[in-house]
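# The sequence and its predicted three-dimensional model are supplied below.
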Amino acid sequence: MNDLEMIFAMLGEASTTKIVRNKDALGFGENKDAAKEGGTVAGVARNELEKRSGERVVSSENYLEEPENYKIF
């Protein structure tokens, strides 16, 4: 992940947390709806940045040199 990917992921998580707390979401269904809303907040922000900068935020970068499922511990 590059810096912007991480920032937008964190924005989605923080937005979801704020929505859950403000709506006092209980149970899977309410939390699932809040997660969708939080993801939408981050998605809208990402799309707006991409539109204004003319560059895509999502990259093919990966911090793992080797996929996790191929590693031997």
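Nice, I can see it.

# Where does pLDDT dip in this protein?
Applying pLDDT under 70 to the chain flags the ranges 62-73.

# ok, which stretches of it are helices?
Using DSSP state H, the helices assigned to the chain run over residues 3-23, 27-53.

# Next, the angle helix 27-53 makes with the shortest one.
Angle of helix 3-23 versus helix 27-53, following axes from the mean of the first three to the mean of the last three CA atoms, to 10 degrees, is 140 degrees.

# dump the residue contacts of Lys51.
Residues in contact with Lys51 (CB atoms under 8 Å, 6 or more residues apart in numbering): none are found. No exception for glycine: its C-beta is placed from N, CA and C like everyone else's.

# Kindly report the same for Ala34.
16, 19-20, 23, 25.

# The residues you listed: which two are farthest apart?
Thr16 and Lys23 (10.7 Å; CB to CB).

# For Gly29, see how far away Val44 is.
Per CB to CB, to the nearest Å, Val44 is found 23 Å from Gly29.

# and Thr16 and Lys23? which has more neighbours close in?
In this view Thr16 and Lys23 are compared by other CB atoms under 10 Å, and Thr16 has more residues nearby, 21 against 13.

# Cool, thanks, signing off.
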